[in-house]
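Visitor: here is my input; please provide its structure:
(one chain, ligands or ions: 1)
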Amino acid sequence: MYNIAVIPGDGIGKEVVDATLIVLDKLPIEFNYTHAIAGDACKEETGKALPDETIKIAKESDAVLFGAAGETAADVIVRLRHELNTFVNLRPVKSLQPDKYGDIDFMIVRENTEDLYIGDEEETPEGAIARKKITKKASEKISEYAFKYAKDTGRKQVTCVHKANVLKISDGLFKNTFYEVAQNHPEIETNDFYVDATAMYLITNPLDFEVIVTTNLYGDILSDEGAGLVGGLGMIPSANIGDENGLFEPVHGSAPDIAGQQIANPAATILSACMMLDYLGESEAARKVEEVLIDVIREGKNVTPDLGGTSTTTQMAEYIASKL
Ligand code: ATP
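Guide: Alright, predicted model coming up:
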(Lines give C-alpha, C1' and ligand atoms only; values in the text may rest on other atoms or scores of the structure.)
Protein backbone atom coordinates (compact mmCIF):
# COMPACT_ATOMS: atom_id res chain seq x y z
CA MET A 1 0.00 0.00 0.00
CA TYR A 2 1.22 3.48 -0.86
CA ASN A 3 0.50 6.64 1.12
CA ILE A 4 -0.24 9.40 -1.37
CA ALA A 5 -0.64 13.07 -0.44
CA VAL A 6 -3.24 14.61 -2.74
CA ILE A 7 -3.10 18.39 -3.13
CA PRO A 8 -5.59 19.51 -5.80
CA GLY A 9 -5.04 23.28 -5.27
CA ASP A 10 -6.89 25.85 -7.38
CA GLY A 11 -8.88 26.17 -10.59
CA ILE A 12 -8.75 23.15 -12.88
CA GLY A 13 -6.33 21.50 -10.42
CA LYS A 14 -9.24 20.02 -8.51
CA GLU A 15 -11.00 18.76 -11.65
CA VAL A 16 -7.94 17.06 -13.17
CA VAL A 17 -6.84 15.52 -9.87
CA ASP A 18 -10.33 14.12 -9.18
CA ALA A 19 -10.31 12.67 -12.70
CA THR A 20 -6.90 11.10 -12.14
CA LEU A 21 -8.05 9.44 -8.92
CA ILE A 22 -10.91 7.81 -10.89
CA VAL A 23 -8.24 6.20 -13.10
CA LEU A 24 -5.91 5.21 -10.24
CA ASP A 25 -8.80 3.61 -8.36
CA LYS A 26 -9.19 1.14 -11.20
CA LEU A 27 -5.68 -0.28 -10.71
CA PRO A 28 -5.03 -3.39 -8.65
CA ILE A 29 -2.83 -1.35 -6.33
CA GLU A 30 -3.83 -0.05 -2.91
CA PHE A 31 -3.45 3.67 -2.33
CA ASN A 32 -4.11 5.45 0.92
CA TYR A 33 -4.89 9.07 0.02
CA THR A 34 -4.44 11.95 2.43
CA HIS A 35 -6.01 15.11 1.02
CA ALA A 36 -4.31 18.38 1.85
CA ILE A 37 -5.00 22.02 1.01
CA ALA A 38 -2.86 24.71 -0.63
CA GLY A 39 -3.24 27.61 -3.03
CA ASP A 40 -5.29 30.80 -3.44
CA ALA A 41 -8.50 29.51 -1.89
CA CYS A 42 -6.53 28.02 1.00
CA LYS A 43 -4.84 31.37 1.60
CA GLU A 44 -8.20 33.13 1.69
CA GLU A 45 -9.54 30.59 4.14
CA THR A 46 -6.57 30.05 6.43
CA GLY A 47 -4.29 33.02 5.78
CA LYS A 48 -1.57 30.69 4.44
CA ALA A 49 -1.11 29.49 0.86
CA LEU A 50 0.86 26.46 2.06
CA PRO A 51 -0.08 25.43 5.62
CA ASP A 52 2.52 23.60 7.74
CA GLU A 53 0.14 20.64 7.99
CA THR A 54 0.20 20.27 4.18
CA ILE A 55 4.01 20.29 4.14
CA LYS A 56 4.01 17.66 6.89
CA ILE A 57 1.55 15.43 5.01
CA ALA A 58 3.62 15.81 1.81
CA LYS A 59 6.88 14.93 3.59
CA GLU A 60 5.42 11.88 5.29
CA SER A 61 3.85 10.45 2.12
CA ASP A 62 5.38 7.99 -0.35
CA ALA A 63 4.54 10.45 -3.15
CA VAL A 64 2.59 13.65 -3.72
CA LEU A 65 0.01 14.20 -6.46
CA PHE A 66 -0.45 17.91 -7.04
CA GLY A 67 -2.95 19.79 -9.23
CA ALA A 68 -2.26 23.50 -9.67
CA ALA A 69 -1.93 26.72 -7.74
CA GLY A 70 -3.06 30.09 -9.08
CA GLU A 71 -1.64 33.46 -8.01
CA THR A 72 0.09 31.81 -5.04
CA ALA A 73 2.06 29.34 -7.22
CA ALA A 74 5.44 30.71 -6.09
CA ASP A 75 4.44 30.30 -2.43
CA VAL A 76 3.03 26.85 -2.99
CA ILE A 77 4.70 24.75 -5.65
CA VAL A 78 8.10 26.46 -5.69
CA ARG A 79 8.19 26.21 -1.88
CA LEU A 80 6.97 22.59 -1.87
CA ARG A 81 9.70 21.58 -4.32
CA HIS A 82 12.17 23.25 -1.95
CA GLU A 83 10.72 21.70 1.23
CA LEU A 84 10.80 18.24 -0.35
CA ASN A 85 14.31 18.78 -1.74
CA THR A 86 13.27 17.73 -5.21
CA PHE A 87 16.30 18.84 -7.17
CA VAL A 88 15.13 17.63 -10.57
CA ASN A 89 12.02 18.45 -12.55
CA LEU A 90 11.41 16.00 -15.38
CA ARG A 91 9.17 17.21 -18.20
CA PRO A 92 8.68 14.74 -21.04
CA VAL A 93 7.64 16.25 -24.37
CA LYS A 94 6.18 13.32 -26.25
CA SER A 95 3.69 13.33 -29.05
CA LEU A 96 0.82 10.99 -28.24
CA GLN A 97 -0.59 11.67 -31.72
CA PRO A 98 2.51 11.24 -33.95
CA ASP A 99 0.36 11.26 -37.08
CA LYS A 100 -0.67 14.81 -36.18
CA TYR A 101 2.47 16.28 -34.62
CA GLY A 102 5.37 14.10 -35.80
CA ASP A 103 7.22 11.60 -33.66
CA ILE A 104 8.45 14.07 -31.06
CA ASP A 105 9.90 12.48 -27.93
CA PHE A 106 12.41 14.27 -25.74
CA MET A 107 12.89 14.85 -22.02
CA ILE A 108 13.55 18.20 -20.38
CA VAL A 109 15.63 17.76 -17.23
CA ARG A 110 15.15 21.03 -15.38
CA GLU A 111 17.22 22.09 -12.37
CA ASN A 112 14.63 22.67 -9.67
CA THR A 113 16.24 24.49 -6.75
CA GLU A 114 18.07 27.61 -7.90
CA ASP A 115 18.30 30.21 -10.69
CA LEU A 116 15.95 33.22 -10.52
CA TYR A 117 13.49 30.97 -8.68
CA ILE A 118 15.24 31.60 -5.37
CA GLY A 119 12.97 34.66 -5.29
CA ASP A 120 15.72 37.07 -4.19
CA GLU A 121 14.24 40.31 -5.52
CA GLU A 122 14.50 43.82 -4.18
CA GLU A 123 13.37 47.26 -5.10
CA THR A 124 16.14 49.74 -5.83
CA PRO A 125 16.00 53.50 -6.31
CA GLU A 126 16.01 52.91 -10.09
CA GLY A 127 13.56 49.98 -10.18
CA ALA A 128 14.28 46.43 -9.11
CA ILE A 129 16.94 43.70 -9.04
CA ALA A 130 16.53 39.91 -9.02
CA ARG A 131 19.46 37.64 -8.22
CA LYS A 132 20.13 34.42 -10.09
CA LYS A 133 21.85 31.61 -8.17
CA ILE A 134 23.84 28.86 -9.89
CA THR A 135 26.04 26.57 -7.80
CA LYS A 136 28.61 24.04 -8.88
CA LYS A 137 27.03 21.37 -6.70
CA ALA A 138 23.49 21.70 -8.11
CA SER A 139 24.82 21.96 -11.66
CA GLU A 140 26.80 18.75 -11.18
CA LYS A 141 23.85 16.96 -9.65
CA ILE A 142 21.43 17.87 -12.44
CA SER A 143 23.92 17.04 -15.22
CA GLU A 144 24.72 13.73 -13.58
CA TYR A 145 20.95 13.02 -13.40
CA ALA A 146 20.50 13.86 -17.09
CA PHE A 147 23.29 11.50 -18.18
CA LYS A 148 22.00 8.73 -15.93
CA TYR A 149 18.49 9.26 -17.28
CA ALA A 150 19.81 9.08 -20.85
CA LYS A 151 21.61 5.82 -20.11
CA ASP A 152 18.69 4.24 -18.26
CA THR A 153 16.27 5.03 -21.07
CA GLY A 154 18.50 4.14 -24.00
CA ARG A 155 18.96 7.70 -25.23
CA LYS A 156 22.18 8.61 -26.97
CA GLN A 157 22.48 12.37 -26.62
CA VAL A 158 22.24 15.07 -23.93
CA THR A 159 21.96 18.76 -24.87
CA CYS A 160 22.86 21.52 -22.41
CA VAL A 161 20.80 24.72 -22.78
CA HIS A 162 22.09 28.02 -21.35
CA LYS A 163 22.86 31.65 -22.17
CA ALA A 164 26.56 31.65 -21.35
CA ASN A 165 27.39 34.30 -23.94
CA VAL A 166 25.55 36.92 -21.85
CA LEU A 167 25.54 35.36 -18.37
CA LYS A 168 29.20 34.42 -18.60
CA ILE A 169 29.76 33.63 -14.93
CA SER A 170 26.50 31.95 -13.87
CA ASP A 171 25.41 30.17 -17.04
CA GLY A 172 29.11 29.75 -17.87
CA LEU A 173 29.47 27.69 -14.69
CA PHE A 174 26.42 25.61 -15.59
CA LYS A 175 27.74 24.87 -19.08
CA ASN A 176 31.32 24.11 -17.99
CA THR A 177 30.09 21.81 -15.24
CA PHE A 178 27.93 19.97 -17.79
CA TYR A 179 31.02 19.24 -19.92
CA GLU A 180 33.02 18.16 -16.85
CA VAL A 181 30.30 15.68 -15.89
CA ALA A 182 30.08 14.55 -19.53
CA GLN A 183 33.64 13.20 -19.25
CA ASN A 184 32.30 10.47 -16.95
CA HIS A 185 29.85 9.41 -19.68
CA PRO A 186 31.84 9.12 -22.90
CA GLU A 187 29.23 6.83 -24.48
CA ILE A 188 26.66 9.68 -24.51
CA GLU A 189 26.95 12.36 -27.18
CA THR A 190 26.81 15.96 -26.01
CA ASN A 191 26.10 19.37 -27.47
CA ASP A 192 24.94 22.74 -26.17
CA PHE A 193 22.84 25.62 -27.44
CA TYR A 194 21.83 29.07 -26.30
CA VAL A 195 18.30 29.15 -24.96
CA ASP A 196 17.08 31.55 -27.67
CA ALA A 197 18.42 29.31 -30.44
CA THR A 198 16.87 26.30 -28.69
CA ALA A 199 13.49 28.03 -28.72
CA MET A 200 13.78 28.12 -32.52
CA TYR A 201 15.26 24.63 -32.99
CA LEU A 202 12.41 23.12 -30.99
CA ILE A 203 10.11 24.38 -33.73
CA THR A 204 12.36 23.73 -36.75
CA ASN A 205 14.13 20.51 -35.65
CA PRO A 206 12.24 18.98 -32.70
CA LEU A 207 13.30 15.44 -33.65
CA ASP A 208 16.98 16.33 -33.06
CA PHE A 209 16.49 16.43 -29.28
CA GLU A 210 16.66 13.48 -26.89
CA VAL A 211 17.48 14.86 -23.45
CA ILE A 212 17.76 18.58 -22.63
CA VAL A 213 19.38 19.62 -19.35
CA THR A 214 18.90 23.22 -18.34
CA THR A 215 18.45 25.74 -15.54
CA ASN A 216 15.19 26.39 -13.74
CA LEU A 217 13.71 29.31 -15.73
CA TYR A 218 14.74 28.11 -19.20
CA GLY A 219 13.33 24.68 -18.36
CA ASP A 220 10.02 26.23 -17.40
CA ILE A 221 9.73 28.22 -20.62
CA LEU A 222 10.96 25.50 -22.98
CA SER A 223 8.57 22.94 -21.51
CA ASP A 224 5.58 25.18 -22.26
CA GLU A 225 6.96 25.56 -25.78
CA GLY A 226 7.28 21.77 -25.89
CA ALA A 227 3.62 21.51 -24.87
CA GLY A 228 2.71 23.62 -27.87
CA LEU A 229 4.56 21.15 -30.10
CA VAL A 230 2.57 18.11 -29.02
CA GLY A 231 -1.01 19.26 -28.55
CA GLY A 232 -1.07 21.83 -25.77
CA LEU A 233 -0.63 22.24 -22.06
CA GLY A 234 -3.24 19.61 -21.31
CA MET A 235 -0.78 16.94 -22.48
CA ILE A 236 2.45 17.47 -20.53
CA PRO A 237 3.10 15.83 -17.16
CA SER A 238 5.99 16.42 -14.80
CA ALA A 239 7.85 14.78 -11.96
CA ASN A 240 9.77 16.54 -9.20
CA ILE A 241 12.24 14.06 -7.76
CA GLY A 242 14.65 14.24 -4.85
CA ASP A 243 16.62 11.73 -2.83
CA GLU A 244 13.69 11.18 -0.46
CA ASN A 245 10.56 12.59 -2.07
CA GLY A 246 8.62 12.68 -5.32
CA LEU A 247 5.95 15.20 -6.32
CA PHE A 248 3.98 14.78 -9.52
CA GLU A 249 2.01 17.54 -11.26
CA PRO A 250 0.80 18.62 -14.69
CA VAL A 251 2.90 21.33 -16.34
CA HIS A 252 -0.16 23.53 -16.77
CA GLY A 253 -1.39 25.91 -14.11
CA SER A 254 -4.82 26.58 -12.66
CA ALA A 255 -6.23 27.94 -15.98
CA PRO A 256 -8.81 30.23 -14.39
CA ASP A 257 -10.36 30.89 -17.84
CA ILE A 258 -11.69 27.33 -18.07
CA ALA A 259 -11.94 26.38 -14.37
CA GLY A 260 -15.18 24.90 -13.11
CA GLN A 261 -16.44 24.11 -16.60
CA GLN A 262 -15.36 20.44 -16.72
CA ILE A 263 -13.55 20.99 -20.02
CA ALA A 264 -9.94 20.69 -18.75
CA ASN A 265 -7.99 17.85 -20.33
CA PRO A 266 -6.96 15.42 -17.56
CA ALA A 267 -4.20 13.76 -19.67
CA ALA A 268 -1.31 15.79 -18.20
CA THR A 269 -2.29 14.82 -14.66
CA ILE A 270 -3.01 11.19 -15.53
CA LEU A 271 0.44 11.02 -17.18
CA SER A 272 1.94 12.65 -14.07
CA ALA A 273 0.33 9.83 -12.08
CA CYS A 274 2.06 7.38 -14.46
CA MET A 275 5.38 9.04 -13.60
CA MET A 276 4.40 8.60 -9.95
CA LEU A 277 3.71 4.90 -10.55
CA ASP A 278 7.16 4.55 -12.15
CA TYR A 279 8.71 6.29 -9.15
CA LEU A 280 6.91 3.87 -6.81
CA GLY A 281 8.22 0.91 -8.81
CA GLU A 282 4.82 0.14 -10.39
CA SER A 283 6.02 0.45 -13.98
CA GLU A 284 3.72 -2.23 -15.35
CA ALA A 285 0.66 -0.28 -14.17
CA ALA A 286 2.18 2.95 -15.49
CA ARG A 287 2.63 1.50 -19.00
CA LYS A 288 -0.91 0.08 -18.94
CA VAL A 289 -2.50 3.44 -18.05
CA GLU A 290 -0.34 5.21 -20.66
CA GLU A 291 -1.34 2.70 -23.31
CA VAL A 292 -5.05 3.09 -22.61
CA LEU A 293 -4.78 6.90 -22.46
CA ILE A 294 -2.99 6.99 -25.82
CA ASP A 295 -5.63 4.71 -27.38
CA VAL A 296 -8.41 6.93 -26.06
CA ILE A 297 -6.73 10.09 -27.37
CA ARG A 298 -6.13 8.51 -30.81
CA GLU A 299 -9.69 7.23 -30.93
CA GLY A 300 -10.64 10.88 -30.38
CA LYS A 301 -14.25 10.31 -29.29
CA ASN A 302 -14.36 10.28 -25.52
CA VAL A 303 -12.02 13.20 -25.04
CA THR A 304 -12.21 16.83 -23.92
CA PRO A 305 -12.81 19.71 -26.39
CA ASP A 306 -9.09 20.65 -26.72
CA LEU A 307 -8.61 17.14 -28.21
CA GLY A 308 -11.57 17.51 -30.54
CA GLY A 309 -14.18 15.73 -28.41
CA THR A 310 -17.20 16.75 -26.36
CA SER A 311 -16.56 14.78 -23.17
CA THR A 312 -16.21 16.38 -19.78
CA THR A 313 -13.04 15.98 -17.71
CA THR A 314 -14.79 13.35 -15.55
CA GLN A 315 -16.30 11.50 -18.52
CA MET A 316 -12.90 11.18 -20.21
CA ALA A 317 -11.40 9.78 -16.99
CA GLU A 318 -14.32 7.38 -16.52
CA TYR A 319 -13.91 6.14 -20.08
CA ILE A 320 -10.18 5.53 -19.54
CA ALA A 321 -10.95 3.75 -16.25
CA SER A 322 -13.55 1.56 -17.99
CA LYS A 323 -10.85 0.40 -20.44
CA LEU A 324 -8.35 -0.58 -17.77
P1 ATP B 1 -1.50 29.84 -13.83
O2 ATP B 1 -1.34 31.28 -13.54
O3 ATP B 1 -2.09 29.07 -12.70
O4 ATP B 1 -0.26 29.20 -14.41
P5 ATP B 1 -2.53 30.27 -16.46
O6 ATP B 1 -3.91 30.34 -17.01
O7 ATP B 1 -1.67 31.47 -16.54
O8 ATP B 1 -2.62 29.73 -14.98
P9 ATP B 1 -2.06 27.70 -17.47
O10 ATP B 1 -3.02 27.22 -16.48
O11 ATP B 1 -0.76 27.02 -17.50
O12 ATP B 1 -1.72 29.17 -17.23
O13 ATP B 1 -2.77 27.60 -18.87
C14 ATP B 1 -2.73 28.51 -19.94
C15 ATP B 1 -3.93 28.21 -20.84
O16 ATP B 1 -3.81 26.92 -21.46
C17 ATP B 1 -5.20 28.15 -20.04
O18 ATP B 1 -5.74 29.41 -19.90
C19 ATP B 1 -6.07 27.18 -20.80
O20 ATP B 1 -6.80 27.87 -21.79
C21 ATP B 1 -5.05 26.25 -21.46
N22 ATP B 1 -4.94 25.01 -20.66
C23 ATP B 1 -4.10 24.78 -19.64
N24 ATP B 1 -4.27 23.58 -19.12
C25 ATP B 1 -5.26 22.98 -19.83
C26 ATP B 1 -5.92 21.70 -19.76
N27 ATP B 1 -5.59 20.77 -18.86
N28 ATP B 1 -6.89 21.46 -20.64
C29 ATP B 1 -7.25 22.37 -21.57
N30 ATP B 1 -6.67 23.59 -21.67
C31 ATP B 1 -5.70 23.90 -20.81
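Visitor: look through this protein and state the residue closest to the ligand.
Guide: When distances are taken as C-beta to the nearest ligand atom, the chain approaches the ligand most closely through Gly253, which lies 2.0 Å from it. Any C-beta I mention is one placed from the backbone N, CA and C, and that applies to glycine too.
Visitor: for that residue, pull up the helix or strand it's in.
Guide: Using DSSP states H and E, no element contains Gly253; it sits outside every helix and strand.
Visitor: run a quick neighbour tally on it.
Guide: 21 (other C-beta atoms under 10 Å).
Visitor: neighbouring contacts of stretch 282-297?
Guide: Counting by C-beta atoms under 8 Å, 6 or more residues apart in numbering, stretch 282-297 makes contact with 23, 27-29, 96-97, 267, 270-271, 273-275, 277-278, 302-303, 307, 316, 319-320, 323-324, all of which sit outside it.
Visitor: before we move on, what about stretch 168-175?
Guide: With C-beta under 8 Å, 6+ apart, stretch 168-175 has contacts from Glu111, Lys132, Lys133, Ile134, Lys136, Ser139, Cys160, His162, Lys163, Ala164, Asp192, Thr215.
Visitor: my guess is the last one contacts Thr135. True?
Guide: In other words, Thr215. No. Here Thr215 lies out of contact with Thr135, judged by C-beta atoms under 8 Å, at a distance of 11.1 Å.
Visitor: name the element Thr20 belongs to?
Guide: When elements are assigned from DSSP H and E, Thr20 belongs to helix 12-24.
Visitor: give me the buried subset of the contacts of stretch 168-175.
Guide: The neighbour count (16 or more other C-beta atoms under 10 Å) marks Glu111, Lys132, Ile134, Ser139, Cys160, His162, Lys163, Ala164, Asp192, Thr215 as buried among the contacts of stretch 168-175.
Visitor: contact partners for the last one?
Guide: With contacts defined as C-beta under 8 Å, 6+ apart, the neighbours of Thr215 are Arg110, Glu111, Glu114, Asp115, Ile134, Val161, His162, Asp171, Phe174.
Visitor: 6 Å instead?
Guide: The contact partners of Thr215, by C-beta atoms under 6 Å, 6 or more residues apart in numbering, come to Glu111, Asp115, Phe174.
Visitor: leaving out the residues flanking it, which one is nearest to it?
Guide: Asp115 (4.6 Å; C-beta to C-beta, 6 or more residues apart in numbering).
Visitor: what count of nearby residues applies to that neighbour?
Guide: For Asp115, the count of nearby residues is 23 (other C-beta under 10 Å).
Visitor: please apply the same query to the one 4 residues further on.
Guide: For Gly119, the neighbour count with other C-beta under 10 Å is 12.
Visitor: so how far is the helix or strand hosting Asn191 off the chain centroid?
Guide: Under DSSP H and E, the secondary-structure element containing Asn191 is strand 189-194. With C-alpha atoms, centre = their mean, to the nearest Å as the basis, strand 189-194 stands 22 Å off its chain's centre.
Visitor: again with stretch 157-173
Guide: Computed by C-alpha atoms, centre = their mean, the chain-centroid distance of stretch 157-173 equals 22 Å.
Visitor: only the buried residues of that stretch, if you could.
Guide: Across stretch 157-173, burial judged by 16+ other C-beta under 10 Å covers Val158, Thr159, Cys160, Val161, His162, Lys163, Ala164, Leu167, Ser170, Asp171, Gly172, Leu173.
Visitor: same thing with stretch 44-56?
Guide: Residues Lys48, Ala49, Leu50, Pro51, Thr54, Ile55 are the ones in stretch 44-56 that count as buried (16+ other C-beta under 10 Å).
Visitor: and stretch 277-296, by the same measure?
Guide: Of the residues in stretch 277-296, those buried under the neighbour-count criterion (16+ other C-beta under 10 Å) are 277-280, 282, 285-286, 288-290, 292-293, 296.
Visitor: quick one: contacts for the closest residue to Arg79 other than its chain neighbours?
Guide: Nearest in space to Arg79, with sequence neighbours left out and distances taken as C-beta to C-beta, 6+ apart, is Leu50 at 5.6 Å. Contacts for Leu50 (C-beta under 6 Å, 6+ apart) come out as Ala38, Asp75, Val76, Arg79.
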